[in-house]
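Peer 1: next come a sequence and a model predicted from it.
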Amino acid sequence: MTTESSTLVSATEYRAALSRFASGVTVVTSRDALGTDYGMTVSAFSSLSLSPPLVLVCINQTASWHAAIGDSSHFVVHVLSDAQEEYSRRFASERAGRFVGVPYTRTESGVIVLPDTLTTLECRITARHEGGDHTIVVGAVEHVQLAEGDPLLYCRGAYARLSR
């Protein structure tokens, strides 16, 4: 499908429209072929298939660990609870040492697992696709951990919580 550039919305309009979509907040961790750990806050996360269980994450090609995801075989998605805004901020920054002072365990494939998140999805990478300025990474979910609590949300450029 070809779209004329004159019919596309502006980046400002598009960003404003998407900011009205509330999303959960995730941190995705991975490990490259050399054993270097990576983690970043990812809002572009989605379920893809129930059978087989597949998810996708979209990684900006300018992200500090975009190249590393190309060398990785696995990743872990952590769905953050409403008490974990600090994790989101920490892993959204470009600072070095994102894992310093954070307790964690590792999967069998060596990927870091953060503690106390609402959901942890351990995934094996099955495909990578180019999508504009992002790479779409598809993962087969191999293990799930669940906890009780409410999710951390993000909408209109700010963190939010469920009100009951």
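Peer 2: Great, that's in hand. Every value quoted in this text rests on a predicted model; they were computed, and no experiment measured them.

Peer 1: who does the residue nearest the centre of the chain bridge with?
Peer 2: The structure's the chain has its C-alpha centroid closest to V42; by CA atoms, centre = their mean the separation is 3.2 Å. Beta bridges link V42 to T26, judged by DSSP bridges.

Peer 1: right, and it touches V27 too?
Peer 2: Yes - counting by CB atoms under 8 Å, V27 is a contact partner of V42 at 7.1 Å. Every residue, glycine included, has its C-beta placed from N, CA and C.

Peer 1: bridging residues for the closest residue in space to S109 that isn't next to it in sequence?
Peer 2: Sequence neighbours aside, H74 is the residue nearest to S109 in space, at 4.2 Å (criterion: CB to CB, 6 or more residues apart in numbering). With DSSP bridges as the criterion, H74 is bridged to R124.

Peer 1: so H134 bridges to which residues?
Peer 2: With DSSP bridges as the rule, H134 is bridged to N60, G131.

Peer 1: which elements pack onto the lowest-mean-pLDDT helix or strand in the chain?
Peer 2: For the chain, using mean pLDDT, DSSP states H and E, the weakest element among its helices and strands is helix 66-71, scoring a mean of 76. Applying 3 or more CB pairs under 8 Å, 6 or more residues apart in numbering; DSSP states H and E, we find helix 66-71 packed against strand 54-60, strand 119-131, strand 134-146.

Peer 1: and the contacts of the last one?
Peer 2: Taking contacts as CB atoms under 8 Å, 6 or more residues apart in numbering, the residues outside strand 134-146 that touch it are 44, 48, 52-61, 66, 69-70, 74-75, 77, 107, 113, 118-130.

Peer 1: this completes my enquiry, with thanks.
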